[in-house]
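[1] Got a sequence here, can you model it:
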Amino acid sequence: MPYNRGDVVLVTFPNSDMKTYKQRPALIVQSDSLTTNYADRLVACITSNTTKSGESVVPIIKATPEGSLMGVLQDSVIIAHNIACLPSFAIKRKLGSCPPSIQTQVDNALRKTFDI
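    I've put the predicted structure just below:
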């Protein structure tokens, strides 16, 4: 199944030790117009650990229309500095979509992360 930028997907995301993994939601941040020979997708981690903050962290409130559209089960944050390149088999299914208001915040957080 093709996935697009802005899709919230359930993935097998690597932990920082690069030896273990956790199933969690993630946001596809890779451009749809990028042409490669790979089925991999760049995704940003989504976590329910809402104590994380900073210029590269975007909150998602479950009880809002945006949170509902994204398919999160609880208040969460998108961590734009925690990016992974995942093979297609690591993406289990689509959970929801990122609305434009949140996507703009994510884009700004990615600019901060990559200094662009």
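[2] Buried residues of the host helix or strand of Thr12, list them for me.
    Thr12 belongs to strand 7-14 when assigned by DSSP states H and E. For strand 7-14, burial by neighbour count (16 or more other C-beta atoms under 10 Å) applies to Asp7, Val8, Val9, Leu10, Val11, Thr12, Phe13, Pro14. Every residue, glycine included, has its C-beta placed from N, CA and C.
[3] So among the residues you listed, where is pLDDT lowest?
    Least confident entry in the buried residues of strand 7-14, by pLDDT: Pro14, with 87.
[4] returning to what we had before: just checking, next helix/strand downstream of the strand holding Thr12?
    strand 21-28.
[5] quick one: strands adjacent to that next one?
    strand 7-14 (antiparallel), strand 41-47 (antiparallel) (DSSP bridges).
[6] quick one: average confidence on that strand?
    On average, strand 21-28 scores 94.
[7] Extract the CA atoms of that strand and return them as CSV.
    Extracted C-alpha coordinates of strand 21-28, given in CSV (Å, rounded to 0.1, in the frame of the first residue of the first chain):
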residue,chain,number,x,y,z
TYR,A,21,12.2,-1.7,18.5
LYS,A,22,8.8,-0.6,19.6
GLN,A,23,5.5,-0.5,17.8
ARG,A,24,4.3,3.2,17.7
PRO,A,25,2.7,5.8,15.6
ALA,A,26,4.8,7.9,13.3
LEU,A,27,4.3,10.7,10.8
ILE,A,28,5.5,10.3,7.2
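[8] Any idea how many residues pack against Asp107?
    12 (other C-beta atoms under 10 Å).
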